[in-house]
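Undergrad: Got a predicted model here, sequence first, then my questions.
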Amino acid sequence: MLRGNANAALNTWPLGYLVDSLFRSPAGSSPPATPTAANGESPRQEAARIFLNSAVAGAQLSPEDAAYLGRVVAQRTGLSPAAAQARVTATYSNLLHKVAALDDAAKAAADKARKVTIGASLWLFVSLLMGAFSASLLATHGGRVRQI
């Protein structure tokens, strides 16, 4: 479910929204200049890849990734390192909750589809059985009429 390239994932909900909220400046402060990552990419793309890497594994962020993202968020938003680290942890936790909710919704939809398929299969079986019974009854009746 969390596969694909980071650019596509970055622009989709909920990941794009969560990563955007990660880099918001606190109210009443002006945002600092927007730095780019060491390889020229935006910090949002890098954060999206870090989040996706951990979310695909279904694990918590590694301490190294969390500390790195905390430093990047602090630099980008002007937050204190502790507040930035708390924001990273809360955002990733929010992402995991949304992924779990989507997983539950997918399971519920699959269960509903399974129940509908069972019902349709049952009615198909009954209609085929009724058709076979009608055909044999009319064949018997036709055979008797022919002999008369």
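TA: All right, it came through fine. Numbering: from 1, shown residues only.
Undergrad: Point out where the protein drops to low pLDDT.
TA: Applying pLDDT under 70 to the chain picks out residues 1-14, 16-17, 20-21, 24-41.
Undergrad: Now with 50, please.
TA: In the predicted model, the chain carries pLDDT under 50 at residues 1, 30-31, 37-40.
Undergrad: Which parts of it are helices?
TA: Using DSSP state H, the helices of the chain run over residues 6-10, 15-22, 43-57, 63-77, 81-147.
Undergrad: Next one: the residue lying farthest from the centre of the chain from residue 134, what distance?
TA: Ranked by distance from the centre of the chain (CA atoms, centre = their mean), the top residue is residue 148, with 70.5 Å. To residue 134, residue 148 is 21 Å away according to CB to CB, to the nearest Å. Placement of C-beta: from N, CA and C, glycine included.
Undergrad: And for residue 126?
TA: Computed with CB to CB, the distance linking residue 126 and residue 134 is 12 Å.
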